[in-house]
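With the sequence up front, the predicted model follows.
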Amino acid sequence: MKRFMMAAALLCAMESIAQKKDIKQDSVPAAQKADTARVVVVKPYDKLINAKVNTRKGLFTVHRTEDSYYLEIPDSLLGREILLVSRLAKSPINGLGGARGESYFAGDEIDERVIEFEKGPSNKIFLRSISYTVRSTDSSENGMYRSVLNSSVQPILAAFPVKAYNEKNPATVIDITETVNSDNSIFSIVGRAKLQFKVSALQRDRSYIQSIKTFSQNVEIKSVKTYLSAADPTGNPLTFELNNSLVLLPKVPMKPRYADARVGFFGTGYVDFDTDPQGVTNTTMITRWRLEPRPEDREKYLRGELVEPQKPIVIYIDPSTPRKWVPYLMQGVNDWQTAFEKAGFKNAIMAKEAPRDDSTWSLEDATHSAIVYKPSEIPNASGPHVHDPRSGEILETHINWYHNVMSLVHNWYMIQAGAIDPKAGKMEFDDQLMGQLIRFVSSHEVGHTLGLMHNFGSSSTVPVDSLRNKKWVEAHGHTPSIMDYARFNYVAQPEDNITESGIFPRIGDYDTWAIEWGYKMFPDFNNLKEEKTFFNKWVIDSLSGNHRLWYGPQVVFGSIDPRSQNEDLGDDAVKAGTYGIMNLKRILPKLPEWTRTPNEGYENLGTMYSALISQLGNYTRHVVTIVGGMYINAKTVEEKGDPYIPVPKTRQKQAVAFLNEQVFQTPQWLFNKEIASKRSVAGDVTRLGVSVLMSLLSSADRIQRNNRTFGEADNYSLPEFFNDVKKGVWNELTTGAAINAYRRDLQTTYLNYFLEMIKMPADKPVGILQVEQVALARQHLAALQKEIKAALVLEKDVVSKAHLQFSSERIEEALRAKK
């Protein structure tokens, strides 16, 4: 969404903007002016714009003749920044894809950039692309402004011959027809969408401008374009309906709020050449809507009284949304009103149904925010937004609501809440239950459109025992943030009698505080240092007074902080996972009944069994992250405590013990005979066990890092870790029990891991840490082989004996191999 080229200068002060324009005009060579003058014919205004022309006035006046569209650009708007947002108004069938994030549907954004129109030499208007990733506003003798400007020439995307000048109301008329109708980087399929659709040549005879509409702050260009494409398996061309919105950016950018790693907001950044006198600063501004009190209410606001903003945030509901879900989507938006009251604004955000009989209203209009309902198989929803790159001001949002998101929340709820909510035990939920599920997803996505990132650490601030406390959890919710991926309260047990208010996510303490931090207005600070000092103290005081406000950054894969994970609950993953598994054991035998559908086969049973295995995988993943984990806390030097703390050794050993018990010992309860007779289950269970084991063994790198960083005395050592895992995976070596197929697969996986580890590549350098791991792994394998040989003497089961014999031979061969 942030497709801005590197190297450009932002000029915040209007004097600097004027200076920028003067420099660009003076840079045109005289020879070029003379050359272009010979090819441009300018007609008198009255000759071009006559009674036969259809004219509409707005941001730009739009004139239409039988063959052409003309834009009349007022002189006052030359050099003004304009946000160009390109969307698909209509898309080829099913977006030509199915994978998440790879398909495009009606309403999807395909490009976004800032442009400006400027006068060029000899009756030309240039359209220039503007970027803001490098900035300097210091135009003093020693300032960097001119140097940055000279190294940041903005590309000219198009040139338009002037067709006429309006002398009465100073403006320039250009013909935009050819540019809109052609295949270019401005008004066509561009970027990733072009790759996805595999488009090639534009078919001009099947492409045309459908309409150009002008409004007070924007111009909407709608065109139909047909391309040859290799994406359609039938060989047919692809036809798109495109909508390009030209939205005038504010003349004076909104005052930015600078990002803080302790509060999770999306941001837009730039390299600042002014702040650091001896270097450069990478500066990030958060993205947020411009909420300001009316001038007459400003003093009331500053006294702490609730006031309505000059311009509230309005999010429309797509008219194509099924009517029964509209109230729940709207409620998901309106739920944020109380959060904004903490920032001093009432009625700051609201949902409205889109007008159905207003020809001037369009879903693709970039000045309208909406939840867009998409006929897609993708089980997802997303909440992007469009913002002003100069300040971070959010201008609009088009929330993507894919129809199949309902299957996603259905499966989550059945598997996570089926043991405690009787309504969860069927394949088609009641409308009221599904409506509440839609409401929670709506609130989550709206949170993103308000600028909030995921807070994957929020749920870790809640004690696991509190999740089973009916009074507490129904009052406070099972996570302080709806921006967490906490989903539903899978810790609660049936005897706890917890209702929906203690099961569902809701807007919580963190969300309300983050909105206050991002949106509350303050009197102007004297300088940036004073502003940073104020906000730093505010964050420190807030976090020290309420640990529920802690922010854990979004890390979907590869998190090393066990508190910042998706799909988890509570402050103890071992304890939470134990309760979760107890509920899964209750749910599993009921799946055949819950998923039974008349006149259908067993596809639903297979889907829900896979969902249950996936949920168990989440519990194990949360625990694996504890091993070799590190607590990471963003801090400034004024705060107490260290930003990096290794997870205590005792917790890591508890994590390994949990995995040994719950996963590496054969989980017989998963091999349900009734389900197995209708769907193969062995592969699912084995894949889970192997995946968990490989993930756990890969913790060796993290354990080694912690030992090197924090010392070996009090930390989990690699030899101890290897031995703890071995006790779980190879315990038949001491018990003499027969080794079943599941366990043999785990032991083979274990052996493969260590045999691969001890290989020393001859063709590339080997690091010191790798050499140490190899040495310890060889030592571990030698000890394991001795145990296997001892067990072979007593083993009576034929298959088990063959397995152990072969394992011993593999180890011996590997240890004998040339180093």
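Great, that's in hand.

separation between Ile626 and His63?
68 Å (Cβ to Cβ, to the nearest Å). Yep, even glycine has a C-beta here, placed from its N, CA and C like the rest.

same question, Leu588
With distances taken as Cβ to Cβ, Leu588 is found 69 Å from His63.

Distance from stretch 250-268 to the middle of the chain?
17 Å (Cα atoms, centre = their mean, to the nearest Å).

does the residue nearest to Glu567 when sequence neighbours are not counted sit in a helix or strand, and which one?
Spatial nearest neighbour of Glu567, chain neighbours left out: Asn618 (4.5 Å); criterion: Cβ to Cβ, 6 or more residues apart in numbering. If you go by DSSP states H and E, Asn618 is part of helix 603-624.

packing partners for that helix?
Judged by 3 or more Cβ pairs under 8 Å, 6 or more residues apart in numbering; DSSP states H and E, helix 603-624 is in contact with helix 405-417, helix 573-587, helix 591-594, helix 649-659, helix 682-697.

Turn those helices into JSON lines, including mean pLDDT, distance to Gln310 and mean neighbour count.
Listed next are the helices and strands packed on helix 603-624 as JSON lines, based on pLDDT from 0 to 100; distance: least, Cβ to Cβ, whole Å; neighbours: other Cβ atoms under 10 Å:
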{"stretch": "helix 405-417", "mean pLDDT": "96", "distance to Gln310": "34", "mean neighbour count": "21"}
{"stretch": "helix 573-587", "mean pLDDT": "98", "distance to Gln310": "45", "mean neighbour count": "20"}
{"stretch": "helix 591-594", "mean pLDDT": "96", "distance to Gln310": "52", "mean neighbour count": "18"}
{"stretch": "helix 649-659", "mean pLDDT": "97", "distance to Gln310": "51", "mean neighbour count": "20"}
{"stretch": "helix 682-697", "mean pLDDT": "94", "distance to Gln310": "52", "mean neighbour count": "18"}
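
I'd like to know which of those lies nearest to Phe722.
Set against Phe722 and scored by Cβ to Cβ, the helices and strands packed on helix 603-624 come closest in helix 682-697, at 8.6 Å.

angle of that closest one against helix 649-659?
What separates the directions of helix 682-697 and helix 649-659 is an angle of 160 degrees, with axes from the mean of the first three to the mean of the last three Cα atoms, to 10 degrees.

quick one: low-confidence parts of the protein?
When the per-residue scores of the chain are filtered using pLDDT under 70, the ranges that remain are 1-40, 93-103, 134-153, 271-281, 556-558, 762-766, 818-819.

any idea which helix is longest in it?
helix 768-794 (DSSP state H).

Could you pull out the buried residues of the helix or strand following that one?
Elements were assigned by DSSP H and E; along the chain past helix 768-794, the next helix or strand is helix 798-816. Neighbour-count burial for helix 798-816, counted by 16 or more other Cβ atoms under 10 Å, picks out Ser800, Lys801, His803, Leu804, Ser807, Ser808, Arg810, Ile811, Ala814.

Using PDB, list the CA coordinates for helix 798-816.
Once non-C-alpha atoms are left out, helix 798-816 reads as follows in PDB (Å, rounded to 0.1, in the frame of the first residue of the first chain):
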ATOM      1  CA  VAL A 798      10.300 -57.900  16.300                       C
ATOM      2  CA  VAL A 799       9.500 -54.600  14.700                       C
ATOM      3  CA  SER A 800      10.800 -52.600  17.600                       C
ATOM      4  CA  LYS A 801      14.000 -54.700  17.600                       C
ATOM      5  CA  ALA A 802      14.600 -54.000  13.900                       C
ATOM      6  CA  HIS A 803      14.000 -50.300  14.400                       C
ATOM      7  CA  LEU A 804      16.500 -50.100  17.200                       C
ATOM      8  CA  GLN A 805      19.100 -52.200  15.400                       C
ATOM      9  CA  PHE A 806      18.900 -50.000  12.300                       C
ATOM     10  CA  SER A 807      19.000 -46.800  14.500                       C
ATOM     11  CA  SER A 808      22.200 -48.100  16.100                       C
ATOM     12  CA  GLU A 809      23.800 -48.800  12.800                       C
ATOM     13  CA  ARG A 810      22.900 -45.400  11.400                       C
ATOM     14  CA  ILE A 811      24.500 -43.700  14.400                       C
ATOM     15  CA  GLU A 812      27.700 -45.900  14.200                       C
ATOM     16  CA  GLU A 813      28.000 -45.100  10.500                       C
ATOM     17  CA  ALA A 814      27.600 -41.400  11.000                       C
ATOM     18  CA  LEU A 815      30.100 -41.200  13.900                       C
ATOM     19  CA  ARG A 816      32.700 -43.200  11.800                       C
END
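
which other helices and strands contact that helix?
Judged by 3+ Cβ pairs under 8 Å, 6+ apart, the packing partners of helix 798-816 are helix 741-757, helix 768-794.

tell me the most buried of those helices?
With neighbours taken as mean count of other Cβ atoms under 10 Å, the helices and strands packed on helix 798-816 reach their highest mean count in helix 741-757, at a mean of 18.
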